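[1] Need coordinates for the below:
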Amino acid sequence: MAYQSSEIAQLRAQQEALDKQLAELKERETRQALNEIVAKMREYGISINELMGRKANSLSDEHSAKYRDPVTGSTWSGRGRAPGWLAGKDRNEFLVDTQAATRAKVQAALFARER
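    Numbering: from 1, shown residues only. The predicted structure follows:
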């Protein structure tokens, strides 16, 4: 009976090692697939909204930052009372590049899990 116990323990150790290898390989392949998807999205100019089947101007986009203070990085959506850093100034000078901001958000979301 002792022979069976050591054999079982040995097989379980092998199984654990294989499970670990399998998990590492799956994670590596998932990361590679994600990188390929992101590359294709960039190549074809596909936004995360398009990928998710949302309209380009969804409700969450309506409230995103439209103006940015270059000094502090503070933002304002254009709704409600204007912040002090924008008072009496040409708002067009503080407009956020919405396409660049959207691309940055998409990249941050896609690569957040890569670590």
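[2] Quick check: which ranges of the chain have low pLDDT?
    1-3, 55-63, 98-108, 111-115 (pLDDT under 70).
[3] isn't residue 65 right up against residue 76?
    Yes - under the criterion of Cβ atoms under 8 Å, residue 65 makes contact with residue 76 at 6.8 Å. Glycine gets a C-beta too; all of them are placed from N, C-alpha and C.
[4] helix or strand for the residue nearest to residue 41 when sequence neighbours are not counted, which one?
    Excluding the flanking residues, the one nearest residue 41 by Cβ to Cβ, 6 or more residues apart in numbering is residue 51, at 6.8 Å. Using DSSP states H and E, the element containing residue 51 is helix 48-52.
[5] Same question for residue 33.
    Under the criterion of DSSP H and E, residue 33 resides in helix 2-44.
[6] any idea how this structure splits into domains?
    Domain ranges of the chain: 1-46, 53-115, per automatic domain parsing.
[7] Need the winner for burial among these.
    domain 53-115 (a mean of 12; mean count of other Cβ atoms under 10 Å).
[8] Show me what the nearest residue to residue 76 once chain neighbours are set aside is bridged to.
    Nearest residue to residue 76, sequence neighbours excluded (Cβ to Cβ, 6+ apart): residue 67, at 4.6 Å. For residue 67, the beta-bridge partners are residue 76, residue 95 (DSSP bridges).
[9] Can you verify my assumption that residue 67 contacts residue 73?
    No - Residue 67 is beyond contact range of residue 73, at 11.6 Å (criterion: Cβ under 8 Å).
[10] Give me the neighbour count for the residue nearest to residue 41.
    The number of residues packed around residue 51, counting by other Cβ atoms under 10 Å, is 12.
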